[in-house]
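Participant: Only the shape, not the letters, is given here:
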């Protein structure tokens, strides 16, 4: 059962990653481009009769930083690519949400989607599998972006909220200003092979639900009053 | 002596700094902006000899920026730089009459060459 779960979630992650590859490639290309310009500028400077060594030092510091930036992007991707069974760790959900946002950011910019966050600074840590949790977040964020393709660009907004809720749970909510869903669809959204997209297997949300359930949480969807949808899930705090 | 001034609009701060350093080392003056809006508000936008525009800017794309500048009567040649190459961008670059279209990461030589030729043709 655990093994089968690992296989299915892994396959779904690969599909998700396929959707954000262009975005990640873009994010890796930026530091690579800065590195190339910087290195060639340093060569130019060092070829001068009285090279500006201070500038060359600044360049080297920037090259190092851009190298690490490209590496952190590749690392994030590599973590998502690993096949693994559920392993619970002590997770900072805010940091995890920010990390997933940075993966989709270039894609959001390309689609003219404004990103807003409202992350509770006092959020307790959760007991969760960070890789599987990222998968849920990635899935909800990609769905949110997809839902806004017919929203006028100036209204497109993806919001991520985290908050502590009564009891021993925290809630993560992903909100969009997209087409929302028909009232009758609400119960079917999380079913396997149910999809409202033209291209899509209809597995993302059903896998998201199994992941959240395995963590001891719940997931649900609501239409927003001003238009758009909100997808939320709970996670139990790390047991003390 | 006229010093050739290049305006750079690029929202990735590392790329922005690196491109500016390169062009300065190659003998140009540079002015850097992080968004299209910031350039549109700048009074001195008009005295540039060439613009280096990134395609994906936070507030508008580089092509729209060029159109808005042109509407203000400002028509210095444009060198487009992008990390996301596709047919649509190439077409848009052609439509705005861009002098060159460079894919990141580009060689310093190609940028310096494009900028020098664009600025020389404009003057």
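Facilitator: Nice, thanks for sending it over. Keep in mind that this is a model prediction, so the values were computed, not measured.

Participant: which residues touch the residue nearest the centre of chain B?
Facilitator: The residue lying closest to the centre of chain B (C-alpha atoms, centre = their mean) is residue B:52, at 1.3 Å. Shown in contact with residue B:52 (C-beta atoms under 8 Å, 6 or more residues apart in numbering or on different chains): B:6-10, B:19, B:23, B:78-79, B:81, B:111, B:115. Heads up, the C-betas are built off the backbone N, CA and C, glycines and all.

Participant: Pairing partners for it in the sheet, please.
Facilitator: Note on residue B:52: beta-bridge partners residue B:8, residue B:79, judged by DSSP bridges.

Participant: and the helix or strand bottoming out on mean pLDDT in chain A, what does it pack onto?
Facilitator: In chain A, no helix or strand scores lower on mean pLDDT, DSSP states H and E than helix A:2-46, which sits at a mean of 83. Contacts defined by 3 or more C-beta pairs under 8 Å, 6 or more residues apart in numbering or on different chains; DSSP states H and E place helix A:2-46 against helix A:53-81, helix A:93-110, helix A:130-146, helix A:204-214, helix B:13-25, helix B:108-122.

Participant: now the fifth one: how far from the chain's centre is it?
Facilitator: Which is helix B:13-25. Between the centre of helix B:13-25 and the centre of its chain there are 12 Å (C-alpha atoms, centre = their mean, to the nearest Å).

Participant: So for it, what gets flagged as buried?
Facilitator: Within helix B:13-25, the residues that count as buried by 16 or more other C-beta atoms under 10 Å in any protein chain shown are B:14-23, B:25.

Participant: Please see if it touches chain A.
Facilitator: Yes: contact of helix B:13-25 with chain A (C-beta under 8 Å from any C-beta of the partner chain) involves B:14-15, B:17-19, B:21-22, B:25.

Participant: Would you convert the residues you listed into TSV that also reports pLDDT and distance to residue B:70?
Facilitator: Below are the residues of helix B:13-25 next to chain A laid out as TSV (pLDDT from 0 to 100; distance: C-beta to C-beta, whole Å):
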residue	pLDDT	distance to residue B:70
B:14	96	29
B:15	97	24
B:17	98	27
B:18	98	27
B:19	98	22
B:21	97	28
B:22	97	26
B:25	95	30
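
Participant: tell me the domain boundaries of chain A?
Facilitator: Following automatic domain parsing, one gets these domains for chain A: A:2-81, A:89-236.

Participant: average model confidence for the last one?
Facilitator: Predicted confidence along domain A:89-236 averages 88 (mean pLDDT).

Participant: and that domain, does that touch chain B?
Facilitator: Yes: Domain A:89-236 reaches chain B (C-beta under 8 Å from any C-beta) through A:106, A:109-110.

Participant: If we only consider the residues you listed, which is nearest to residue A:58?
Facilitator: residue A:106 (26.5 Å; C-beta to C-beta).

Participant: ok, and the closest non-adjacent residue to residue A:157?
Facilitator: Distances taken as C-beta to C-beta, 6 or more residues apart in numbering or on different chains place residue A:114 nearest to residue A:157, at 4.7 Å, with adjacent residues excluded.

Participant: isn't the one you found right up against residue A:148?
Facilitator: No: the pair residue A:114 / residue A:148 is not scored as a contact, 10.2 Å apart, by C-beta atoms under 8 Å.

Participant: Give the intersection of the neighbour lists for these two.
Facilitator: Common neighbours of residue A:114 and residue A:148, counting by C-beta under 8 Å, 6+ apart, are A:156, A:158.

Participant: quick revisit: how much space between the residue nearest to the centre of chain B and residue B:2?
Facilitator: Distance of residue B:52 to residue B:2, computed by C-beta to C-beta, to the nearest Å: 19 Å.

Participant: and the residue nearest the centre of chain A, what is it in contact with?
Facilitator: For chain A, the residue nearest the mean C-alpha position is residue A:100 (2.5 Å; C-alpha atoms, centre = their mean). Neighbouring residues of residue A:100 by C-beta under 8 Å, 6+ apart: A:134, A:137-138, A:141.

Participant: Highest neighbour count among those?
Facilitator: With neighbours defined as other C-beta atoms under 10 Å in any protein chain shown, the most crowded of those is residue A:141; it has 26 neighbours.

Participant: That residue reaches residue A:172, doesn't it?
Facilitator: No: counting by C-beta under 8 Å, residue A:141 stays clear of residue A:172, with 10.8 Å between them.

Participant: Quick check: neighbours shared by the two?
Facilitator: Looking at what touches both residue A:141 and residue A:172 (by C-beta under 8 Å, 6+ apart), the common residues are residue A:160.

Participant: and of the contacts of residue A:100, the nearest to residue A:18?
Facilitator: residue A:138 (11.5 Å).
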